[in-house]
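Asker: A predicted structure for the sequence below; I have some questions about it.
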Amino acid sequence: MSNTTQNLKEAFAGESQANRRYLAFARKAEAEGMKGIARLFRAAAEAETIHALSHLQVLGEVGSTEDNLRAAASGETYEFEQMYPGFISTAKNEENGPAEKTFTYAMKAEMVHADLFRQALQRIGSGAEPYYYVCGVCGHITDSEPADKCPICGSSPKAYRRIE
Ligand SMILES: [Fe+2]
Ligand SMILES: [Fe+2]
């Protein structure tokens, strides 16, 4: 791998993280009643997204939708089969309850994400255009309108948001 490829990967990771960090900071500023500062964080978050997407394009990591569904399913599978189980057992050993909980929510949600990506791959070209609903607490996704509690975190159906 060339130095520039390595740098693009590093810059993509950094900009992606800055995007989420600034959105978290914007929520905090909003909660503290500082609307202008919240807007600044959201503006910077948007700019970091532009940088991250541009770096990823230059890296050549955006393929056909079929390729992208495969890449997404395998990324999610790695996370729930390998990454999170290791992280959860370390969090248990270190008696870090909040870390154990956030990793467990993510691991269970990633299982569902992997399935949904695989289902979409099967359905490609079928003309199906489902809507998806995301639990705002744990990240569970469902393709049918939620009527019951979230199967992962137990939140009410109201915690779900339909993605347009
Ligand atoms: Fe996921
Ligand atoms: Fe949930």
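Answerer: Cool, the structure landed. Bear in mind the structure is a predicted one, so any value in this text is a computation, not a measurement. Ligands and ions are numbered 1, 2, ... in the order given.
Asker: what does the protein have sitting close to ligand 2?
Answerer: Cys135, Val137, Cys138, His140, Cys150, Ile152, Cys153, Ser155 (C-beta under 5 Å from the ion). C-beta coordinates here come from the backbone N, C-alpha and C atoms, glycine included.
Asker: Quick one: which of the residues you listed is the most crowded by neighbours?
Answerer: Cys135 (25 neighbours; other C-beta atoms under 10 Å).
Asker: picking that back up, and which of the residues of the chain next to ligand 2 is nearest to Glu81?
Answerer: Ile152 (17.0 Å; C-beta to C-beta).
Asker: pretty sure the closest one is touching Cys135, no?
Answerer: Yes: if you go by C-beta atoms under 8 Å, Ile152 and Cys135 touch, sitting 6.9 Å apart.
Asker: which residues do the two both contact?
Answerer: Ala109 (C-beta atoms under 8 Å, 6 or more residues apart in numbering).
Asker: In TSV: the residues of the chain next to ligand 2, plus pLDDT.
Answerer: Below are the residues of the chain next to ligand 2 laid out as TSV (pLDDT from 0 to 100):
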residue	pLDDT
Cys135	98
Val137	97
Cys138	97
His140	98
Cys150	98
Ile152	98
Cys153	97
Ser155	98
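Asker: Among those, which ones are in helices?
Answerer: Judged by DSSP state H, helices contain none of the residues of the chain next to ligand 2.
Asker: what about Tyr84, which helix or strand?
Answerer: Element membership for Tyr84, per DSSP states H and E: helix 84-93.
Asker: And the contacts of that helix?
Answerer: With C-beta under 8 Å, 6+ apart, helix 84-93 has contacts from Gly97, Ala99, Glu100, Phe103, Thr104, Ala106, Met107, Glu110.
Asker: cool, stretch 43-56 as well?
Answerer: Residues from elsewhere that reach stretch 43-56, judged by C-beta under 8 Å, 6+ apart: Leu8, Ala11, Phe12, Glu15, Ser16, Ala18, Asn19, Arg20, Tyr22, Leu23, Ala26, Val62.
Asker: Might you report the residue contacts of the residue nearest in space to the middle of the chain?
Answerer: Centroid-nearest residue in the chain: Gly139, 7.8 Å away (criterion: C-alpha atoms, centre = their mean). Counting by C-beta under 8 Å, 6+ apart, Gly139 makes contact with Tyr105, Ala106, Ala109.
Asker: I'd like the distance between the second one and Ser2.
Answerer: According to C-beta to C-beta, to the nearest Å, Ala106 and Ser2 sit 33 Å apart.
Asker: Fine by me, we can end here.
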